[in-house]
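# here are the coordinates; sequence isn't available:
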């Protein structure tokens, strides 16, 4: 079945450092790809998405490009802030059976220090 | 502002109790989901519903049941709570078509079974 694999955390960075969180996927068909973020004590919220190959999703300085040839959707940010500390989840859409289900990776915790 | 509301933020129950977790969405979404979130395991789908009175098992349905009597409300039921059901439970909803595949999440219910 479809699946998502993302790098294990925690990832610890200093403020203004460059961030990469790796995400690869296995899927039949052409899923949409997502990054969700979970701040402490909150539910998940959509950070960015891409719906087809070579699309780039971006939001709040974060970017990810849908790479079909490498089945990847890595999250990047050029200069992280303390307020970016959160858990980040990569996900893909599974439309088997005609339903809009999302399959999530295990999550990567990011801690940014001043 | 669109909302998915979970009835309790924290819940403490005893082994063997019957537990109800309630979720309400105000976006007229067809699909509603219950996930559990555990450290290192990410989000795992318990059950989902694609219409009133309709339900499908997710990846880990054992020990759980669900009820959807109205479109806006989706309940998760633990028939006889056990300690291994201590977890964060997240409710989510989305639409039936690809244009509305984005999942909206509630804030979560942290359930402790003693």
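Nice, thanks for sending it over. On a predicted model such as this, the values are computed, not experimentally measured, just so you know.
# Could you pick out the longest strand of chain A?
For chain A, the strand that runs over the most residues, judged by DSSP state E, is strand A:86-94.
# brain fart, chain B
Counting by DSSP E, the longest strand found in chain B is strand B:42-51.
# Which secondary structure elements does that strand sit against?
Contacts defined by 3 or more Cβ pairs under 8 Å, 6 or more residues apart in numbering or on different chains; DSSP states H and E place strand B:42-51 against strand A:101-104, strand B:31-38, strand B:54-57, strand B:64-70, strand B:73-78. Quick note: C-beta positions are derived from backbone N, CA and C, even for glycine.
# thinking again about what came up before, the longest strand of chain A close to chain B?
Yes: using Cβ under 8 Å from any Cβ of the partner chain, strand A:86-94 reaches chain B at A:89, A:93.
# Residue B:7 versus the residue of chain A most remote from its centre, what's the distance?
Most distant residue from the mean C-alpha position of chain A: residue A:97, 24.5 Å away (Cα atoms, centre = their mean). Residue A:97 sits 29 Å away from residue B:7, going by Cβ to Cβ, to the nearest Å.
# mind listing what the longest strand of chain B pairs with, with the direction of each?
Sheet pairing of strand B:42-51 (DSSP bridges) gives strand B:31-38 (antiparallel), strand B:54-57 (antiparallel).
# ok, back up a step: which residue comes closest to the residue farthest from the centre of chain A once chain neighbours are left out?
Spatial nearest neighbour of residue A:97, chain neighbours left out: residue B:56 (7.5 Å); criterion: Cβ to Cβ, 6 or more residues apart in numbering or on different chains.
# show me the contacts for the residue nearest the centre of chain B.
Closest residue to the average C-alpha location of chain B: residue B:34 at 2.7 Å, with Cα atoms, centre = their mean. By Cβ atoms under 8 Å, 6 or more residues apart in numbering or on different chains, the residues touching residue B:34 are B:21, B:23, B:45-48, B:58, B:64, B:66, B:74, B:76, B:89-91.
# Much appreciated, bye for now.
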